[in-house]
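Asker: Here's my sequence, what's the structure:
(chains A, B, C and D)
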Protein chains: 4
Amino acid sequence: MPYWFDYPIRVQPHHTDYSGVVWHGNYIQWMESLRVNCLRQFGVRFEAFVDAGYDLPVVDLQLRYHHPLRLGMAGIVKGHATTQGVRILWTYEIRANDPDDVDQLCVTSQITIVPVEIARRKIARRLPDELQQQLDAISEYFKSP
Amino acid sequence: MPYWFDYPIRVQPHHTDYSGVVWHGNYIQWMESLRVNCLRQFGVRFEAFVDAGYDLPVVDLQLRYHHPLRLGMAGIVKGHATTQGVRILWTYEIRANDPDDVDQLCVTSQITIVPVEIARRKIARRLPDELQQQLDAISEYFKSP
Amino acid sequence: MPYWFDYPIRVQPHHTDYSGVVWHGNYIQWMESLRVNCLRQFGVRFEAFVDAGYDLPVVDLQLRYHHPLRLGMAGIVKGHATTQGVRILWTYEIRANDPDDVDQLCVTSQITIVPVEIARRKIARRLPDELQQQLDAISEYFKSP
Amino acid sequence: MPYWFDYPIRVQPHHTDYSGVVWHGNYIQWMESLRVNCLRQFGVRFEAFVDAGYDLPVVDLQLRYHHPLRLGMAGIVKGHATTQGVRILWTYEIRANDPDDVDQLCVTSQITIVPVEIARRKIARRLPDELQQQLDAISEYFKSP
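Answerer: Below you'll find the model as predicted:
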């Protein structure tokens, strides 16, 4: 059973659409916030990559919607990272965290990130040692926390 | 070679992030606008589904990012629909449409939509005949325009 | 010196635009989150208004931008409410909360909210006693916490 | 009676919130799109400012909400610009453009923009002659089209 990094959320009016539930594209913001906060908790600032000349774009994104989160509901975004060389794979579950709907699975997702050299707009074959070691340490922690 | 419905776009400041290209989650808004505009061109108002008690939520979304669209660039979102019973499958390509970058493939995507009965929040086994016929007519048109 | 309700923020990639700072329209989401969270802390669920048939739309919004918040920076949205009959006036300050930029004033804002009867889409002359008393209690607390 | 630059809109699901009308912060995106498109129509690319080392941030924004735009409705954003030295003042009206609601005034707004030197993050005392002349020509055109 993997370790998950948790990012708690609350559905605000601006997250919803006419149907009263979270608009399907808005979950992606929360998943990004989880990634950045997780890096930060491990001592890695997202801006450190940018300052070092690397960007971390999403190259593949898969989302499956199981159950909607409604206006006012609390939820938890749960994320889990694995590195494969420079590639970072994130697996997500978003669950309700509400008295009415405890632990209901709402969204599952997988996101692939590949570092890019900002100056050349090319996929980075390798990262500076310090950044790569930091990413690998996070990946190791997720395997055996 | 399939028929595509085209939705032209232009990258505005609010679509971009710090890296100067479209933030990865923002393509999803354009793909929704294409779906609604395509229905409308075939004489189907999206609100007609809602008024009839049906919603059209996205249940599955897959995106692959090939090339970024930068601030100020023009692009074309191209979409193609197929019905499988009540299920609607949309296939997308987003291409640059810029003097500097003609026809460059930027994003490919597949989106699955399943109608839901709003009152019961349950997947609709079937739609009212008129709405189903309208969807099937669009699907047929995409096969042989 | 008034009491402020605080809502801490962190600038994520999706908040920024090409210039590396928060896109000017995105501050408005944080100010809404503050309002809803503040009500909740006083025991008032935003959804209780909707369930009772009232909406709380913004009718006037003024924003002044003093200093940008950059990618990765922490900040605090500070809000303060006063009721005038059914009308609610919110005053805001958004300040940096970053080692590099402690307490820098970034945005000031005033927002006016007027309850609307959802069924008739008309301004509500009065709210149900319970909701009005809850709003007034919040307003009183802000005057003398 | 001033000349207005028009930017036609259609309310898509992602523009709405739980109440079925446009979420109040989303009008700001359309007003930005109008500004950029208006410059472009006068032969000025927004990116030309950025490439020349200048940004055009909003420093003041005032919005008044008169009437909501609902899901599926068409509207027109109407904008009008005046320069005062380097400062640019935009005045807006957003009107419904729908069979059910022709020409209904929905939003009025005023936005002030002040150029900033990107490198020094300081207000620009003056712009390069070519850019200033282009802005002044737009301002003149709005006075006597």
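
Asker: what's the neighbour count on the residue nearest to residue A:53 when sequence neighbours are not counted?
Answerer: Nearest non-adjacent residue to residue A:53, counting by C-beta to C-beta, 6 or more residues apart in numbering or on different chains: residue A:118, 5.3 Å away. The way it works is simple: take the backbone N, C-alpha and C, and place the C-beta from them, glycine included. Neighbour count for residue A:118, taken as other C-beta atoms under 10 Å in any protein chain shown: 16.

Asker: Verify the contact between residue A:118 and residue B:19 for me.
Answerer: Yes - with contact defined as C-beta atoms under 8 Å, residue A:118 counts as touching residue B:19 (7.4 Å).

Asker: Quick check: neighbours shared by those two?
Answerer: A:50, A:55 (C-beta atoms under 8 Å, 6 or more residues apart in numbering or on different chains).

Asker: distance of residue A:38 from residue A:109?
Answerer: 15 Å (C-beta to C-beta, to the nearest Å).

Asker: I meant to write residue A:29 there.
Answerer: Taking C-beta to C-beta, one finds residue A:29 at 12 Å from residue A:109.

Asker: Kindly report the same for residue A:143.
Answerer: Separation of residue A:143 from residue A:109 (C-beta to C-beta): 20 Å.

Asker: returning to that earlier point: dihedrals phi and psi, the residue nearest to residue A:53?
Answerer: phi -60, psi -40 (degrees, to the nearest 10).

Asker: residues contacting it?
Answerer: Neighbours of residue A:118 in contact, by C-beta under 8 Å, 6+ apart: A:50, A:53-55, B:19.

Asker: make it 10 Å
Answerer: A:49-50, A:52-55, A:124, B:19-20 (C-beta atoms under 10 Å, 6 or more residues apart in numbering or on different chains).

Asker: Of the residues you listed, which is the nearest to residue A:138?
Answerer: residue A:49 (13.0 Å; C-beta to C-beta).

Asker: Would you pull up how far whichever strand or helix holds that closest one lies from the middle of the chain?
Answerer: Per DSSP states H and E: residue A:49 is located in helix A:46-51. Chain-centre distance of helix A:46-51: 17 Å, with C-alpha atoms, centre = their mean, to the nearest Å.

Asker: is it up against chain D anywhere?
Answerer: No - Helix A:46-51 does not reach chain D (C-beta under 10 Å from any C-beta of the partner chain); its nearest approach is 16.2 Å.

Asker: Skip ahead from that helix and say which helix or strand is next.
Answerer: strand A:54-55.

Asker: so does that following strand get close to chain B?
Answerer: Yes - for strand A:54-55, a contact with chain B is found by C-beta under 10 Å from any C-beta, at residue A:55.

Asker: ok, now stretch A:60-74?
Answerer: Yes - for stretch A:60-74 and chain B, the contact criterion (C-beta under 10 Å from any C-beta) is met by A:60-68, A:70.

Asker: Among the residues you listed, which one sits closest to chain C?
Answerer: residue A:70 (8.5 Å; C-beta to the nearest C-beta).

Asker: That closest one pairs with what?
Answerer: Beta-bridge partners for residue A:70, by DSSP bridges, are residue A:21.

Asker: From what I see, it and residue A:101 are in contact.
Answerer: Yes - counting by C-beta atoms under 10 Å, residue A:70 touches residue A:101, with 8.6 Å between them.

Asker: For those two, work out which one has more neighbours and name it.
Answerer: Using other C-beta under 10 Å, the more surrounded residue of residue A:70 and residue A:101 is residue A:70, with 19 against 16.

Asker: where along chain A do the helices fall?
Answerer: Using DSSP state H, the helices found in chain A span residues A:27-41, A:46-51, A:129-143.

Asker: highest average neighbour count across those?
Answerer: Comparing the helices of chain A by mean neighbour count (mean count of other C-beta atoms under 10 Å in any protein chain shown), helix A:27-41 comes out on top with a mean of 20.

Asker: now check it, is it near chain B?
Answerer: Yes - residues of helix A:27-41 are located near chain B by C-beta under 10 Å from any C-beta, namely A:27-29, A:31-32.

Asker: ok, which pair from the residues you listed is furthest apart?
Answerer: Spanning the widest gap among the residues of helix A:27-41 next to chain B are A:27 and A:32, at 9.9 Å by C-beta to C-beta.
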